[in-house]
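Novice: all I have is the shape, not the residue letters:
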């Protein structure tokens, strides 16, 4: 399935974080795209009302905010000294980034105006192309890589448009080698071998956010929830999370 891409001009690009899970750690979120072609069945974003698209259409459309870099320049006074979460409602390195480079241009603008903290979240190996740029942010930058399972077949079922787990692990290794702070997002945790999953990421980071399968009312693959219902039972799910927490140095629960 190829997502329909359209170009839009956004009214603003830095969204204040006054409530919700990001509010305690961030002042603004930044998303250069709306929608996401990775088609993760469990994504929470469709839970928020969208006047143009029904939640069942998630993964079928992407909007490129073609004026995003210019908006950062316009809103630059907000950037200085602020804490920004980059990619809260889309993957900033989904494949149309190869055409539009909005994430790259936004990062270049942010670099000019010196935020206090920048967290970028992705599940895409396209980050490789911007590693030198990302290194220039120094310690203010942390990159979260979504690795929700150790099983490629599971990932293909739940995240059909996203890069493979192997590519994400390769990205994690390269970021570690480049000296860029990283963490892993296991949100939501998918069916996995918990010990193997930890062994795959632990050479590169000991920090992981672990979240549960939430927002079942908008999940577009209820058949998968039924197929793996044994894993998702509360008792088993909590036990798996606790096992991973016990094996990691800096695990945290994340209600994402």
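Specialist: Yep, it's here. Since we're looking at a predicted model, the values are computed, not measured.

Novice: show me what the helix or strand in which residue 7 is found is packed up against.
Specialist: Using DSSP states H and E, the element containing residue 7 is strand 4-8. Using 3 or more CB pairs under 8 Å, 6 or more residues apart in numbering; DSSP states H and E, the elements in contact with strand 4-8 are strand 61-65. Every C-beta, even on glycine, is put in place using the N, C-alpha and C of the backbone.

Novice: centre of the chain versus the strand it packs on, how much separation?
Specialist: 16 Å (CA atoms, centre = their mean, to the nearest Å).

Novice: list of residues touching the next helix or strand after that strand?
Specialist: Following strand 61-65 in sequence order, the next helix or strand is helix 68-74 (DSSP H and E). For helix 68-74, the external contacting residues (CB atoms under 8 Å, 6 or more residues apart in numbering) are 10, 12-14, 30, 32, 65, 79, 102, 105-106, 108-110, 113.

Novice: in strands only, show me those residues.
Specialist: The strands, defined by DSSP state E, take in 14, 30, 65 from the contacts of helix 68-74.

Novice: my read: the first one touches residue 30, true?
Specialist: Put plainly, it is residue 14. Yes: applying CB atoms under 8 Å, one finds residue 14 in contact with residue 30, separated by 6.0 Å.

Novice: now do the shared contacts for the two.
Specialist: By CB under 8 Å, 6+ apart, residue 14 and residue 30 have these common neighbours: 72, 84.

Novice: between these two, which has more neighbouring residues?
Specialist: Between residue 14 and residue 30, counted using other CB atoms under 10 Å, the more crowded position is residue 30 (28 against 20).

Novice: from residue 100, how far out is the closest residue to the more buried one other than its chain neighbours?
Specialist: Leaving out its chain neighbours, the residue that sits closest to residue 30 by CB to CB, 6 or more residues apart in numbering is residue 86, at 4.9 Å. Distance from residue 86 to residue 100, counting by CB to CB, to the nearest Å: 15 Å.

Novice: compare neighbour counts for those two and give me the winner.
Specialist: Of the pair residue 86 and residue 100, residue 86 is the one with more neighbours under other CB under 10 Å, namely 24 against 18.

Novice: residues contacting that one?
Specialist: Counted by CB under 8 Å, 6+ apart, residue 86 has contacts 29, 30, 31, 92, 103, 106, 107, 118, 119, 120, 121.

Novice: just give the number of residues close to the fourth one.
Specialist: If you count neighbours by other CB under 10 Å, residue 92 ends up with 25.

Novice: likewise the last one?
Specialist: Neighbourhood size, residue 121 [other CB under 10 Å]: 21.

Novice: going forward, count from 2.
Specialist: Let's use 2 as the start, then, which means that last one is residue 122.

Novice: partner strands of the helix or strand where it lies and their direction?
Specialist: Assigned by DSSP H and E, residue 122 belongs to strand 118-123. Applying DSSP bridges, strand 118-123 is found paired with strand 84-87 (parallel), strand 142-147 (parallel).
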